[in-house]
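Novice: Make a model of this:
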Amino acid sequence: MAILVQHRETNVQYILIGTGYSYFKDSLPSPLGGVFFPDVTEGETHMVAVSDAHGIIKWLPSDEVRVIAVDGLSTPEILKGKNDAYDQSEKCPACGYPVNGRMEFCPSCELRLIDEEDTY
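Specialist: Presented below is the predicted three-dimensional model:
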């Protein structure tokens, strides 16, 4: 199965090889507190491994690429008719995740969907 992706900024197309995730944490002594109160930097990175036309592997941030084809079919062709239930469902006003009227919180973003006064 070949997945074709496109880099959003440069419009260069690549073959998707895989995905990666990393968490980092770094600490440096602070100017005032030294090692007792270090400046800490931490975060996470989502990356995808892609190959160019010459077979060279590169890592790109996952939010900078989009899938344009899988096995020669475009994503709209593959998903045609598959998301009818999703398209017709109620959506969370904050993140768009499908919800129903019985949910108190959105499972995706944890937005409160039912006010306490609505439950009485």
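Novice: Now do the helices for this structure: every range, in order, please.
Specialist: With DSSP state H as the criterion, the chain has helices at 75-79, 84-88.
Novice: which residues does the closest residue to Gln13 other than its chain neighbours contact?
Specialist: Closest residue to Gln13 apart from its sequence neighbours, by Cβ to Cβ, 6 or more residues apart in numbering: Gln6 at 5.1 Å. Glycine gets a C-beta too; all of them are placed from N, C-alpha and C. Residues in contact with Gln6 (Cβ atoms under 8 Å, 6 or more residues apart in numbering) are Val12, Gln13, Tyr14, Val65, Arg66, Ile68.
Novice: For Thr10, see how far away the fourth one is.
Specialist: Translated: Val65. Computed as Cβ to Cβ, to the nearest Å, the Val65 to Thr10 distance reads 10 Å.
Novice: who's more crowded, these two?
Specialist: Using other Cβ atoms under 10 Å as the criterion, Val65 and Thr10 rank with Val65 on top: 20 against 9.
Novice: Please name the bridge partners of the nearest residue to the more buried one once chain neighbours are set aside.
Specialist: Counting by Cβ to Cβ, 6+ apart, Val65 lies nearest to Val5, which is 4.5 Å off, once chain neighbours are set aside. Per DSSP bridges, the residues bridged to Val5 are Tyr14, Val67.
Novice: Isn't Val5 up against Asp63?
Specialist: No - the pair Val5 / Asp63 is not scored as a contact, 12.0 Å apart, by Cβ atoms under 8 Å.
Novice: Compare these two and say which one has the larger neighbour count.
Specialist: Applying other Cβ under 10 Å to Val5 and Asp63 shows that Val5 carries more neighbours, namely 21 against 10.
Novice: check contacts around that one.
Specialist: Gln13, Tyr14, Ile15, Leu16, Val48, Val50, Val65, Arg66, Val67, Ile68.
Novice: Quick check, pLDDT for Arg102.
Specialist: pLDDT, Arg102: 83.
Novice: same deal with Ala94?
Specialist: 86.
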